[in-house]
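Visitor: fold the following for me, if possible:
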Amino acid sequence: MKKRGQLTLYIILGIVILAIFIILFSMRYQTLEQDFESEMNSIIVPEQIKPAKDYFDVCLKRVTVEGINLIAAQGGYINIPEEKYKRTITDDFSNVLNIYSVYDVAYWFYESSNGIKETQVPTKEKMEEELGSYIDNNFNDCYYFAKSFEDDGFDINYPESIMTEVIINKNNVQVKLNSDLRISLKDVTSDINKLMIISDSKLGELYDLAVRVMEKENEDLFLEEKTIDFMSVYEEIPFSTTEFSCERKVWRKGDVLRDFKGITNTNIGAIRLKDPASSAYIKTNKDYFEIDLIKPNYITETFSYSTDFPMYMDVSPMKGELLVGDALTQQTPEISKFLNLFFCLNNYHFIYDIKYPVLISLTDDVTGLNFQYATQVIIDNNKPREYEGPIYNAQESNDFTDKLCGNKVNPIEITAYDKASFLELGDASILYKCFTSTCYIGETDKDGKLNANFPPCLNGVVIAQKEGYEMGVEFLSTNTDKETSVLMDKYHTLDLDIKEVQLGDGFTSSVNDKQAVVQLENLDNGYITMVTGDEKKIKLTNGNYKITSYLMTETDTEIELKSDSQISCVEVPRSGILGLFSSTEKCFESEFDGGTLTDVMVGAAEYEWYADVTGKRAITIYIPYEMTPRTQTEMLEVFNNIGLNKDNPNFLYPELQ
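Guide: Numbering: from 1, shown residues only. As a prediction, the model looks like this:
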């Protein structure tokens with residue numbers, strides 16, 4: 001009994017300590033807000049100057065609200081980060097979700113083009129920094145309309161530079177604009193070194209709830225789990241079942257994809273969070289769609305997938321574009337005689353890889369502020385993606401970066417050079433990446449040098465950035481090294497001319513009547529660009545390039561294609577009679593029905609080429625024309641020659657002028 005009493009005492013003490021901590025934190029938060037309000041109220045100007053000062057306050061609030069709306073609409077970013085890895089031509093996914101070709105929303109979780117899982121959740125400090133920069137860049141618009149005060153006799157000296165500090169709280173956004181604004185009217189002058197406003201906005205609360213939703217998805221993978229449920233429940237989606245039927249079912253992949261996009265659109269839109277003020281605790285048939293995460297009753301949440309959004313789907317086994325089930329009595333001949341005496345069995349078991357975006361929106365019903373971001377739902381071999389761990393980029397998980405970047409103790413000298421001329425590059429931004437954290441270090445001087453302290457790290461990466469140059473990188477262990485150099489490739493803009501070359505006789509001509517696509521990848525620095533026959537300019541750096549080019553045409557007359565076939569084999573999981581799984585190889589003869597085509601690939605090439613574009617003004621790229629295919633066999637021949645056409649004696653490499 002004594003031990004039990006001691007345990008109870010410890011529990012009570014723990015609760016008391018926790019309550020005290022919460023009270024102290026709340027008091028500290030209220031104190032900071034009160035300090036800001038006190039400082040704001042201390043800004044007093046003469047009564048004659050007040051109309052002009054009030055105008056700048058109102059204008060500052062307007063610019064702030066514009067920035068808040070933009071940062072909320074784009075997933076917590078004013079400037080969404082660039083993709084780490086360049087996309088291929090056929091990849092519909094990037095690090096942003098394009099909404100009806102109007103604006104981009106950042107993915108907080110996505111899979112990059114090379115298959116790496118990425119998170120890009122902004123910290124609250126990052127949002128404050130970007131919102132402050134937005135105000136710095138747009139407050140100048142307030143000067144234009146302030147000219148009406150000058151007509152009334154005011155003399156306004158506008159600041160040469162401003163610096164805005166932003167604090168995002170739960171229920172408001174505090175803004176302090178530091179400047180040297182001077183306003184005079186006749187013999188009355190007021191120096192206003194700061195403007196301060198408070199914008200009533202639940203940006204902070206919406207962001208905090210958005211992070212909690214993302215963390216819930218990462219922990220429970222509820223979007224992936226429900227996606228698998230959709231596949232299992234709806235008859236339109238062939239998944240895994242056994243039927244007592246002698247009729248073998250067949251599905252077209254295009255139809256399955258279309259149906260699944262519609263199913264996803266309907267069901268994702270039904271997902272909701274818990275609202276304690278509603279009848280959430282009364283059991284209904286909609287409880288399946290409720291996520292175990294409580295939200296305030298004044299916030300409306302929306303989970304959405306539009307059929308206009310991209311969706312990737314790969315299915316196996318397939319026979320051409322068809323999904324065909326397996327007759328179980330044919331798979332197991334040793335029992336087929338017995339089973340066929342009574343019934344027919346068809347076994348369907350398809351393996352899916354699926355990827356699609358979900359847009360998550362949280363709206364403050366009072367002000368209408370909408371905070372939204374996107375995440376990718378990924379199904380790999382009929383299974384949800386793996387748990388990625390806590391949100392590293394979120395506010396609570398930013399301690400490592402803060403400690404790393406705040407511990408710059410090792411003096412290092414960095415020199416940035418133009419890779420072609422070896423001239424020093426001034427005004428290059430230098431960053432240092434250690435593991436997944438990146439620290440801003442400083443700018444190079446006119447001699448291309450930066451002497452600064454770096455955080456201790458083994459095998460870190462120095463990153464140099466400068467407008468007009470491809471990003472330069474160099475490995476550096478700051479624990480042992482004292483200096484390093486970074487070479488940067490300059491961008492050169494060239495006039496572009498794309499021509500076709502006949503592989504039969506070497507004759508060259510324009511591609512006006514054909515569609516041309518060329519992708520150039522610099523193998524030395526990773527720079528990738530793509531151009532079409534309609535473009536007149538191209539931006540390149542020096543280096544070795546891998547070039548892939550395609551030439552297509554729309555024929556005046558329909559091309560008759562004969563029937564053809566192709567045998568392909570795949571390794572797929574197979575379910576046994578006892579529910580056990582094994583691996584089996586399935587071979588299919590894909591039959592292509594005859595038909596007509598109006599667009600065909602008539603030539604292509606893949607090759608490597610070194611470009612020294614320094615001092616050049618133009619480039620001509622030649623795409624080989626091989627033939628206009630009339631059958632699937634000829635189409636396959638054109639495709640198979642992509643890597644061989646460079647060996648043709650009439651093939652032409654790009655020419656620089």
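Visitor: where in the stretch 401-550 of the chain is pLDDT low?
Guide: Low-confidence segments of the stretch 401-550 of the chain, defined by pLDDT under 70: 401, 436.
Visitor: hmm, try it at 90
Guide: Along the stretch 401-550 of the chain, the model assigns pLDDT under 90 to residues 401-409, 419-421, 433-440, 457-460, 465-473, 479-481, 490, 510-519, 524-535, 550.
Visitor: quick one: the strands in it?
Guide: Under the criterion DSSP state E, counting those that start in this stretch, strands of the stretch 401-550 of the chain are mapped to 410-418, 429-434, 437-443, 449-454, 460-465, 472-476, 483-488, 492-502, 508-510, 514-522, 528-532, 537-540, 543-561.
Visitor: please parse the chain into its domains.
Guide: In the domain annotation for the chain, the residue ranges read 38-81+120-201, 221-357+364-369+377-396, 401-488, 492-656 (automatic domain parsing).
Visitor: centre of the chain versus the last one, how much separation?
Guide: When you say that, I think you mean domain 492-656. Between the centre of domain 492-656 and the centre of its host chain there is 27 Å, according to CA atoms, centre = their mean, to the nearest Å.
Visitor: for the residue most central in space within the chain, which non-adjacent residue is closest in space?
Guide: The centre of the chain sits closest to residue 95, judged by CA atoms, centre = their mean, with a distance of 1.1 Å. When the adjacent residues along the chain are set aside, residue 95 lies closest to residue 83, with 5.0 Å between them (CB to CB, 6 or more residues apart in numbering). To be clear about C-beta, it is placed using only N, CA and C from the backbone, and glycine gets the same treatment.
Visitor: try residue 411
Guide: Closest residue to residue 411 apart from its sequence neighbours, by CB to CB, 6+ apart: residue 453 at 5.6 Å.
Visitor: tell me the mean pLDDT for stretch 115-132?
Guide: Confidence over stretch 115-132 (mean pLDDT, whole number) is 91.
Visitor: buried residues in it, which are they?
Guide: Neighbour-count burial for stretch 115-132, with 16 or more other CB atoms under 10 Å as criterion, is recorded at 118-124, 126-132.
Visitor: before we move on, what about stretch 135-147?
Guide: 135, 139, 142, 146.
Visitor: looking at this, the third one is in a helix?
Guide: Yes: counting by DSSP: H, G, I helix; E, B strand; the rest coil, one finds residue 142 located in a helix.
Visitor: distance of it relative to residue 430?
Guide: Taking CB to CB, to the nearest Å as the measure, residue 142 and residue 430 are separated by 34 Å.
Visitor: the second one now?
Guide: Here the criterion is CB to CB. By it, residue 139 lies 29 Å from residue 430.
Visitor: again, but for the first one
Guide: Between residue 135 and residue 430 the computed distance is 27 Å (CB to CB).
Visitor: please verify my assumption that residue 475 contacts residue 459.
Guide: Yes: taking contact to mean CB atoms under 8 Å, the distance of 6.1 Å between residue 475 and residue 459 places them in contact.
Visitor: what strand or helix carries the closest residue to residue 654 other than its chain neighbours?
Guide: The shortest distance from residue 654 to any residue other than its chain neighbours is 4.8 Å, reached at residue 621 (CB to CB, 6+ apart). Counting by DSSP states H and E, the element that carries residue 621 is strand 618-625.
Visitor: ok, that strand: who's next to it in the sheet?
Guide: The strands that strand 618-625 pairs with in its sheet are strand 492-502 (parallel), strand 655-656 (antiparallel) (by DSSP bridges).
Visitor: tell me the helix or strand right after that strand.
Guide: Counting by DSSP H and E, the element after strand 618-625 in chain order, helix or strand, is helix 632-640.
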